[in-house]
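Asker: this one's structure only:
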């Protein structure tokens, strides 16, 4: 008698059936988890880019401004301190919510408490790292990001320039 190694067809079909059952249970859970993951990523990216704006303002010794809108946000060097991105001013970062987070997150302008005198919520950082509004006064504010699961995260900037995610 010879020893035969390998799997029988019945064993192979049982393993395939078991993998199918596990996948049928796991895939919907992973899909429902993705918007929460993307919300966390979007809030952390916004936090990081606020930090980058602050550090860039200090490093380049000029104002750096962040304009947030419902489609994304732009971080740029504001050499003339008018809080408007002019042609010659360098863009540091430009983010589009839909492209970067697969339409899982949204921002309502009503949930952003930065200075809105330019028509869009805007906050800048002086060369000393202090947040300022369009009038040159010390600023603070919150940007709330929501996801399709009804959850939200906020990025908060204090008047002292402290930035945190809540």
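Answerer: Done, it's in. All figures in this text were calculated on a predicted structure; none of them were measured in a lab.

Asker: C-alpha from now on. contacts and neighbour counts both.
Answerer: Fine.

Asker: How about the contacts made by the spatially most central residue of the chain?
Answerer: The chain has residue 42 as the residue nearest its centroid, 2.2 Å off, counting by C-alpha atoms, centre = their mean. Contacts for residue 42 (C-alpha atoms under 8 Å, 6 or more residues apart in numbering) come out as 97, 101, 105, 145.

Asker: chain center to the helix or strand bottoming out on mean pLDDT in the chain, what's the gap?
Answerer: Ranking every helix and strand in the chain by mean pLDDT, DSSP states H and E puts helix 97-101 at the bottom, with a mean of 85. Distance of helix 97-101 from its chain centroid, counting by C-alpha atoms, centre = their mean, to the nearest Å, is 9 Å.

Asker: One more: stretch 15-29?
Answerer: Stretch 15-29 sits 32 Å away from the centroid of its parent chain (C-alpha atoms, centre = their mean).

Asker: Can you tell me which of the contacts of residue 42 is closest to residue 15?
Answerer: Of all the contacts of residue 42, residue 101 has the smallest distance to residue 15: 35.9 Å, by C-alpha to C-alpha.

Asker: State the distance from the closest one to residue 163.
Answerer: Between residue 101 and residue 163 the computed distance is 22 Å (C-alpha to C-alpha, to the nearest Å).

Asker: quick one: residue 92 and residue 76 touch, right?
Answerer: Yes - with contact defined as C-alpha atoms under 8 Å, residue 92 and residue 76 form a contacting pair (5.1 Å).

Asker: Can you list the low-confidence ranges for this structure?
Answerer: 1-2 (pLDDT under 70).
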